[in-house]
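Chemist: Below is the sequence, then the predicted model.
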Amino acid sequence: MKAIDIIPLFVIIPLAAAFLISLVGRFIKRSSEVIIFISSLALLGLSLYARFLLNSAPGKILVYKIGGWAPPFGICMVMDGLSSFMLVTVNLIAFFVAVYSLSYMNQYTDKPKFFTLFSLMVCGMNGVIITGDLFNLFVFLEIASIASYALVAFGTEAEELEASFKYAIMGSVASAFIFIGIAFLYSFTSTLNMADMARILAYKQNAWVIPFAGVLFLMGFGLKSSLVPFHAWLPDAHPSAPAPISAMLSGVLIKTLGVYSLVRVFFNIIGSTHGYLGILMFLGVVSMLVGVVLALSQWDLKRLLAYHSISQIGYVVLGIGLGTPLGVLGGLFHLFNHSVFKSLLFLNSGSVDYAAGTRDLKETGGLGKLMPVTAKTNLAASMAIAGIPPFNGFFSKTIIIIACLQKGFTGYAICAVIGSILTLSSFMKVQRFVFLGEVKDKLKNIKEAPFAMVFSTVCLAIICVLGGLMLLPSLRFFLDDAVAVVLKGTSYAGVVLEAASK
Amino acid sequence: MTLYFLCLMLFCVGLYGVLRKRNLVKIIVGLGIMEYAMNLFFVLLGYRFDGRAPIVARDQNILNMVDPLPQALVLTSIVIGLAVTALIISIAIRIYEKYGTFDITKIKKLKG
């Protein structure tokens, strides 16, 4: 087996796991848990292994040709710095969330169905990240989306169904826009391979089709990543899902389907122009402020966290939209950090819900004494999201703000600081009403969450604390390679096609 | 050009259904119309007038053939659309069981 053959495994393993779980999960007790644990652990190991494999690859790129058909005729899978960065992020979070849900999902019936859908979602996300074909990206995006619509409705209570319906309609409209964008680009370039498309677009400049398709993609991917004018579905859908799924949705799904696809299409295929970057930065700043202001008045813990997701996605998009090396570094680093601390926060809210049976901030209080570990992990995550040193959120936010100042966007930098202060105040409210204060009478008897749940939250909290170490020179390659791919822009085409021709 | 314009009209009819209708079922129908419009548009992109099926045969020189790739892609897209529609309809049925109505102005337990 050659080293390059591990690339399709990122799609095969979760698909096979989903198939096996739906086949045997109902008949053999606990088999679904074993399969999901092994598959997510294998995916995490493989993504780390692939990251180190990439260091020794020529040009830091690996191209797998499905069925041996060379691009542009066949579908190829491309593993470069950015893909590998996203794969590590997704599979890291997916592993901890899978471990967490081993215990958490005990309160729901039919665990096998849950793990089947979960695997399909991971498969869709890995596929979106690794594919080198634009239509293939659409198909994987739909796999991930459909699985997530079903998972939001998993509890089948009135609110969950309502949220899922809203999410499904909005998501389908977004997919329709993306599909039409792909149709326009196909009719213009007569190819679907991303690298080939970028090559053809580069010498067919000044056509009205490119900005038109760009706007369609911006609408579609903007809806998927819930930037502010398109955000209405997120505060309903994310809190309604079971806590592990909220963690997956807020932690990685909106970033993979939204931000990653947006970056791939705008930077590597269409080519970033001042116009697109300006729009991205503006949307980022608006999301940042609107999300955090709406979050301040929330009393439902998970809904509050969901509004913060909108706000933090704003930071990521602002950083990437700056287009400078430092800005893109900050944006991608914040993307990683946000997936860690936001999934941790959602998992903690799940632990509170599991133990106390409520997530209304007015009804909880004093849980710090009863659930000491959850209180501490939540403190770590809150400090990380608010950007307090030495947690990882501090470094990424600082880099974004410095990059803004460097490029002369002082107003945006001030907005980022204000957003950060408001985030801090909102999480002080969470700590105050959930973990500090007097214990309510009816909550006297609650216990700390079970071991599997505590294990994942503690591990994620450790990553929150140590995340800043990724900026050390010896570990910088993880981020730097991803930044290099974004900054390379449309010359991505030449690199992929050259690697594929070998 | 007229055909593309008619496709756009069909798409807008579907979008109108999704955005303006209050009945869950009508919203789903609107979504279906939107999907048909975009599939039709993609197939039309590959269509050539008086073209023939893209089958390469020996001692035949085909000058004008339709583009087969959009047809394959649209087939995939139709299947995806089917899955989405089936899922949304089943969610709508469950919503009817819970709320006893299809009117979205009465289905509003989530707010804020």
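Modeler: Received it, and whenever you're ready, just let me know what you need. Source: prediction; values computed, not measured.
Chemist: Not counting sequence-adjacent ones, nearest residue to the most centrally placed residue in chain B?
Modeler: Nearest to the mean C-alpha position of chain B, counting by Cα atoms, centre = their mean, stands B:Glu35 at 1.2 Å. Nearest residue to B:Glu35, sequence neighbours excluded (Cβ to Cβ, 6 or more residues apart in numbering or on different chains): B:Gly81, at 4.2 Å. C-betas here are computed from N, CA, C, even on glycine.
Chemist: For burial, what's the neighbour tally of the one you found?
Modeler: Neighbour count for B:Gly81, taken as other Cβ atoms under 10 Å in any protein chain shown: 23.
Chemist: So it sits against B:Met34, correct?
Modeler: No. Counting by Cβ atoms under 8 Å, B:Gly81 does not reach B:Met34; the two are 9.3 Å apart.
Chemist: by contact count, what packs against the helix or strand bottoming out on mean pLDDT in chain A?
Modeler: Between all helices and strands in chain A, the lowest mean by mean pLDDT, DSSP states H and E belongs to helix A:367-370, at a mean of 84. In this structure, helix A:367-370 makes packing contacts with helix A:325-356, helix A:372-386, judged by 3 or more Cβ pairs under 8 Å, 6 or more residues apart in numbering or on different chains; DSSP states H and E.
Chemist: mind checking which of those helices is nearest A:Phe184?
Modeler: Closest to A:Phe184 of those is helix A:325-356 (Cβ to Cβ; 27.0 Å).
Chemist: for that closest one, what is the average pLDDT?
Modeler: Here helix A:325-356 scores 93 as its mean pLDDT.
Chemist: OK, contacts around the residue nearest to B:Glu35?
Modeler: B:32, B:35, B:39 (Cβ atoms under 8 Å, 6 or more residues apart in numbering or on different chains).
Chemist: Enumerate the residues of chain A near chain B.
Modeler: A:135, A:139, A:142, A:146, A:149-150, A:153, A:156-159, A:161-165, A:168-169, A:172-173, A:175-176, A:179-180, A:183, A:186-187, A:192, A:235-236, A:240, A:297-298, A:300, A:303 (Cβ under 8 Å from any Cβ of the partner chain).
Chemist: Can you tell me the SS state at the residue nearest to A:Leu304 when sequence neighbours are not counted?
Modeler: Distances taken as Cβ to Cβ, 6+ apart place A:Gln298 nearest to A:Leu304, at 4.0 Å, with adjacent residues excluded. Here A:Gln298 is recorded as coil under DSSP: H, G, I helix; E, B strand; the rest coil.
Chemist: Near A:Gln298, how many other residues are there?
Modeler: Neighbour tally, A:Gln298, other Cβ under 10 Å: 21.
Chemist: Likewise for B:Thr2?
Modeler: The burial count for B:Thr2: 6, using other Cβ under 10 Å.
Chemist: low-scoring stretches of chain A, by residue?
Modeler: Scanning chain A with the threshold set as pLDDT under 70 gives A:1, A:205-206.
Chemist: I'd like the distance between the residue of it most remote from its centre and A:Phe435.
Modeler: No residue in chain A sits farther from the centre than A:Asp441, which is 38.7 Å out by Cα atoms, centre = their mean. Distance of A:Asp441 to A:Phe435, given as Cβ to Cβ, to the nearest Å: 17 Å.
Chemist: so A:Ile182 sits right up against A:Phe135, yeah?
Modeler: Yes. Taking Cβ under 8 Å as the definition, A:Ile182 is a contact partner of A:Phe135 at 6.1 Å.
Chemist: who has more neighbours, those two?
Modeler: A:Ile182 (25 against 21).
Chemist: For the nearest residue in space to A:Arg26 that is not next to it in sequence, give me the backbone phi and psi.
Modeler: Spatial nearest neighbour of A:Arg26, excluding adjacent residues (Cβ to Cβ, 6+ apart): A:Pro112 at 5.6 Å. As for A:Pro112, its main-chain torsions (degrees, to the nearest 10) stand at phi -50, psi -40.
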